[in-house]
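Enquirer: pasting a predicted model and its sequence here:
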Number of protein chains: 2
Amino acid sequence: MPTVPKKPSSRKRDTYHVGNLAPQLLDAARRLLSEEGPGKLSLRAVSERVGVSPTAAYHHFASRGELLAHLAAQGFRELSQVLSEDRIGGGQLLQVCLAYFRFARGNPAIYQLMFGAEFVSGETLPTLAEARDEAFGRLERIIAEELALPRDASEVRAAALASWSYIHGLASLMIHGVIQVPDAVGDERLVELTLGGLERVFRGT
Amino acid sequence: MPTVPKKPSSRKRDTYHVGNLAPQLLDAARRLLSEEGPGKLSLRAVSERVGVSPTAAYHHFASRGELLAHLAAQGFRELSQVLSEDRIGGGQLLQVCLAYFRFARGNPAIYQLMFGAEFVSGETLPTLAEARDEAFGRLERIIAEELALPRDASEVRAAALASWSYIHGLASLMIHGVIQVPDAVGDERLVELTLGGLERVFRGT
DNA sequence: ACCTGAACACCGTTCAAGT
DNA sequence: ACCTGAACACCGTTCAAGT
């Protein structure tokens, strides 16, 4: 009898998928990202997880990069939330840096995506740029309060950019394993230590 | 007459390659990296550039990742040099930050590789860890002088880590296109502005 | 010892075809 | 309008075979 060629991979698709695909793809991608980390985040893997053909995504996103950009935008929106909730208690800068740092360490995979090399080439998706600017805006607002200056002062922008650089740098160095800090130190202590270090450098000059 | 199957791709290899392959691969990879950026840096592309089979590299490197790690180590060695040459003139911190920043902006592709997600999983190649520590050591030495403290003081380590975070963060945000600064501003002015911003934040508290 | 070629299991993306 | 399947041009990596 004639041999039926074996299905080459994955189990069969028993239904023709209907509607609502875009959010399902984003959800699956998000889960895949936190479970397996970036690098495993292929369009094909995401599609398989949803139970849809490898090419279905192209009816909702222009490319893999665009799907990833939407995911990154989602990340920036979450970061914005974190940066507004945590504006309680004295020592604003320490509090906001700590909240930022905890978000990054708690969501390393999406944080890498948000600030990674994925979108360096080509123009940025508007929704991503928007979410990004919103998050940076929160930081600026807090810095403006701290300095008791209007939010559009150039000193505020410079100080916010510098603060962002510091806390992003710290998060990035940790996430990428460039620096290693004993577990015993803890997030709060690390942020305190490094902020203290910066202060000392500037007092010394 | 029987049709000879066309060579599927690339021009033929007319010679059997002899010796000295490892450094040639690293050189080709380095050039490919600065010309095309990371992402185009495949083992196959590197091999083709050298004129060798796609699998030849495996006799010299355990994997693509290991070749990349050697490249990153090379980057850290160059960074170390930059950080020692430029220890002239007053205002040490500004000078060293500027030198660092210029290296990053001048070599964005290799900088991304050095601090990117490529080596997050698995253990780090010893030669890479070494080169990395050497570069951080230079920074620590300069900070120690600045603070007039012994190099192994915990305050020095904290301050060096914080400074590194700041300048790496700034470079990273720029290279990845997260922030945009008008060309007119220039590297020196940007570093001055942000350092000034940090100083103001700490004076205010 | 060092390099090649075929093969495997993956990718992103296109395009004509099915529902 | 939305989804599928086959196909194309890529990947990293293995392994037996050639020099």
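Expert: Right, received. Where do you want to start?
Enquirer: ok now stretch A:94-103, how far from the chain's centre?
Expert: Distance of stretch A:94-103 from the chain centroid (Cα atoms, centre = their mean, to the nearest Å) equals 14 Å.
Enquirer: ok, residues contacting that stretch?
Expert: Stretch A:94-103 has contacts (Cβ atoms under 8 Å, 6 or more residues apart in numbering or on different chains) with A:78-79, A:82-83, A:85-89, A:111, A:139, A:142, A:163, A:166-168, A:170-171, A:187-188, A:190-192, A:195. From N, CA and C alone the C-beta is placed, and that goes for glycine too.
Enquirer: buried subset of those residues, written for ChimeraX?
Expert: Those of those that count as buried under 16 or more other Cβ atoms under 10 Å in any protein chain shown are selected in ChimeraX with:
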select /A:78,79,82,83,86,111,139,142,163,166,167,168,170,171,190,191,192,195
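Enquirer: out of the contacts of stretch A:94-103, who's near DNA strand D?
Expert: Among the contacts of stretch A:94-103, no residue is within reach of DNA strand D (Cβ under 7 Å from any atom of the strand).
Enquirer: which bits of chain A sit near DNA strand C?
Expert: Residues of chain A lying near DNA strand C by Cβ under 7 Å from any atom of the strand: A:9, A:16, A:42-45, A:54-55, A:58, A:63-65.
Enquirer: the contacts of stretch A:94-103: which ones sit near chain B?
Expert: Among the contacts of stretch A:94-103, proximity to chain B is found for A:163, A:166-168, A:170, A:195 (Cβ under 8 Å from any Cβ of the partner chain).
Enquirer: closest one to DNA strand D out of those, please.
Expert: Of all those, DNA strand D sits closest to A:His168, with 28.6 Å by Cβ to the nearest atom of the strand.
Enquirer: ok, the closest one touching B:Ala171?
Expert: No: taking contacts as Cβ atoms under 8 Å, A:His168 lies outside contact range of B:Ala171: 10.5 Å.
Enquirer: so who does the residue in chain A positioned nearest to chain B touch?
Expert: Closest residue of chain A to chain B, Cβ to the nearest Cβ: A:Gly169 (2.8 Å). By Cβ under 8 Å, 6+ apart, the contact list for A:Gly169 reads B:164-170, B:172.
Enquirer: what residues does chain A put near DNA strand D?
Expert: Residues of chain A lying near DNA strand D (Cβ under 7 Å from any atom of the strand): A:13, A:16-19, A:21, A:52-56, A:58-60.
Enquirer: so which of those belong to helices?
Expert: Counting by DSSP state H, the part of these found in helices is A:Leu21.
Enquirer: now the residues of chain A next to DNA strand D as JSON lines including pLDDT?
Expert: Below are the residues of chain A next to DNA strand D laid out as JSON lines (pLDDT from 0 to 100):
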{"residue": "A:Arg13", "pLDDT": "69"}
{"residue": "A:Tyr16", "pLDDT": "73"}
{"residue": "A:His17", "pLDDT": "72"}
{"residue": "A:Val18", "pLDDT": "71"}
{"residue": "A:Gly19", "pLDDT": "77"}
{"residue": "A:Leu21", "pLDDT": "97"}
{"residue": "A:Val52", "pLDDT": "97"}
{"residue": "A:Ser53", "pLDDT": "97"}
{"residue": "A:Pro54", "pLDDT": "97"}
{"residue": "A:Thr55", "pLDDT": "98"}
{"residue": "A:Ala56", "pLDDT": "97"}
{"residue": "A:Tyr58", "pLDDT": "98"}
{"residue": "A:His59", "pLDDT": "97"}
{"residue": "A:His60", "pLDDT": "97"}
